[in-house]
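J.: Make a model of this:
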Amino acid sequence: MKNILSSLLVLILMTICNNAFSQDESSEQDLIQFSGIIVTGDSLNPVPFANIIVKNTHRGTMSDYYGYFSFVAKPLDTITFSSIGYKKSTFIVPDSLNDSRYSLIQMLQSDTILLDEAVVYPWPTQEQFKTAFLNLDIPDDDLEIARKNLSDEQLSARFEAMPMNGSMNFRLQMQQRTNQIYYAGQYVPNNLLNPIAWAKFVEAWKRGDFKRKENK
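T.: Below is the predicted model of the structure:
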């Protein structure tokens with residue numbers, strides 16, 4: 001009786017092992033080396049770092065910089081291809097393959113993604129924004145800058161700071177030399193005692209020639 005039970009137990013174990021080995025061999029025969037390249041639908045440029053996922057599983061891979069991918073799949077697996085900026089695409093692995101390898105060129109169509117507008121302000125509240133806006137120092141535009149540069153005060157300051165060139169120095173020296181020769185042995189006239197000069201000064205004063213002009 002013990003021999004019969006031992007023989008029956010050995011037979012059962014051998015059957016189980018044979019079935020398991022047969023299933024593993026059958027599963028290995030069903031596996032396919034699925035590879036290919038992902039390109040854009042309009043220009044056929046490679047799509048780098050795209051996601052390749054087997055639907056309803058945790059299996060998948062990612063394309064490289066040149067859009068190439070390769071992983072193990074099974075017949076009738078639904079493969080999902082996705083990438084940012086492109087529409088998702090699916091492919092079903094055929095079940096009538098005669099080889100354990102399958103290659104594919106998968107095209108992805110461009111997709112436009114519209115995001116909601118987000119305006120970022122450096123002020124935490126609207127009250128602080130209003131205060132900062134009212135106290136904003138607006139810089140002068142090109143017209144205002146040109147107007148200030150051509151004002152009488154700016155022109156006078158630049159004229160006084162402008163050095164004399166060689167011709168002006170020569171002219172001044174020759175004028176001084178001419179005056180020395182012309183008034184040699186005489187008193188040099190002084191306009192402080194000239195009534196005509198005083199009359200012109202009074203007329204100019206009445207006309208307001210010496211009033212400071214305000215900037216408009």
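
J.: Surely residue 129 forms part of a helix?
T.: Yes - counting by DSSP: H, G, I helix; E, B strand; the rest coil, residue 129 is found in a helix.

J.: Would you quantify the distance from the residue nearest to it when sequence neighbours are not counted to residue 136?
T.: Excluding the flanking residues, the one nearest residue 129 by C-beta to C-beta, 6 or more residues apart in numbering is residue 123, at 4.3 Å. To be clear about C-beta, it is placed using only N, CA and C from the backbone, and glycine gets the same treatment. Look at residue 123 and residue 136: by C-beta to C-beta, to the nearest Å, they are 12 Å apart.

J.: More neighbours: which of the two?
T.: A side-by-side neighbour count of residue 123 and residue 136, using other C-beta atoms under 10 Å, places residue 123 first with 12 against 8.

J.: now the helices for the chain?
T.: 2-30, 126-134, 142-149, 152-161, 166-182, 195-207 (DSSP state H).

J.: Name the surrounding residues that touch the shortest one.
T.: Outside helix 142-149, the residues that touch it by C-beta atoms under 8 Å, 6 or more residues apart in numbering are 140, 154.

J.: Endpoint to endpoint, stretch 145-162 covers what distance?
T.: 21 Å (C-alpha to C-alpha, to the nearest Å).

J.: That'll do, ta.
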